[in-house]
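J.: quick one: sequence and predicted model below, then my questions.
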Amino acid sequence: MPMHIALYQPDIPQNTGTILRLAACLGLDAHIVAPAGFPTSDRAFRRAGMDYLDAVVLVRHSSWPAFETWRRDHHHRLVLFTTLATTSYLDYAYRADDVLLFGRESAGVPAEVHAAADARLLIPMRRGLRSLNVALAAAMAAGEALRQTQGS
């Protein structure tokens, strides 16, 4: 069973495209939790030049409750990456079928999503800086999770 990257209501299509490419290249399933701030149909992605779309397993969820139903039905742990966490992403023991969740670029995720997470992780940064680009954070998180679950 593959690991999953999920995007909660993404705002920026370029970041989503980069994360979909990451998922394709690393063999991760990708999930988009609607609504997004831009069209997320295959046609819209292809029009934007995402020629690797056929190489990624992309699942679209119509809402947070729909995503949560899918996740619970498949017994996946939800690992939320958030600047509000205190545990470093390097200090967590990942499983091969975890769902790595990243919030909206503009607003993160609401309290109900935080509450649903099995773990909330932080990518440590220098003080005074707000956050990493979500695509960079996803790449760092996926790299560590795959290192742990597939070996280096």
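T.: That came through fine.
J.: OK, contacts around Leu80?
T.: Leu80 sits next to Leu101, Gly103, Val109, Val113, His114, Ala117, Ala119, Arg120, Leu121 when contact means Cβ atoms under 8 Å, 6 or more residues apart in numbering. To be clear about C-beta, it is placed using only N, CA and C from the backbone, and glycine gets the same treatment.
J.: and the one helix or strand it maps to, which strands flank it?
T.: If you go by DSSP states H and E, Leu80 is part of strand 78-81. Strand pairing for strand 78-81, using DSSP bridges, gives strand 99-102 (parallel), strand 119-122 (parallel).
J.: okay, those in JSON lines with mean neighbour count next?
T.: Shown next, in JSON lines, are the strands paired with strand 78-81 (neighbours: other Cβ atoms under 10 Å):
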{"stretch": "strand 99-102", "mean neighbour count": "24"}
{"stretch": "strand 119-122", "mean neighbour count": "19"}
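J.: and of these, who's closest to Arg72?
T.: strand 99-102 (11.0 Å; Cβ to Cβ).
J.: need the contact partners of the closest one.
T.: 3-8, 19, 31, 71, 76-81, 109, 113, 117, 134, 137-138, 141-142, 145.
J.: drop anything exposed from those residues.
T.: 3-8, 19, 31, 71, 76, 78-81, 109, 113, 117, 134, 137-138, 141-142, 145 (16 or more other Cβ atoms under 10 Å).
J.: and of the strands paired with strand 78-81, who's closest to Trp64?
T.: Trp64 sits nearest to strand 99-102 of all the strands paired with strand 78-81, at 10.6 Å, using Cβ to Cβ.
J.: before we move on, the earlier item: so after the strand holding Leu80, what's the next helix or strand?
T.: With DSSP H and E, the next secondary element past strand 78-81 is strand 87-88.
J.: strand partners (parallel or antiparallel) of that following strand?
T.: Assessed with DSSP bridges, strand 87-88 is paired to strand 119-122 (parallel).
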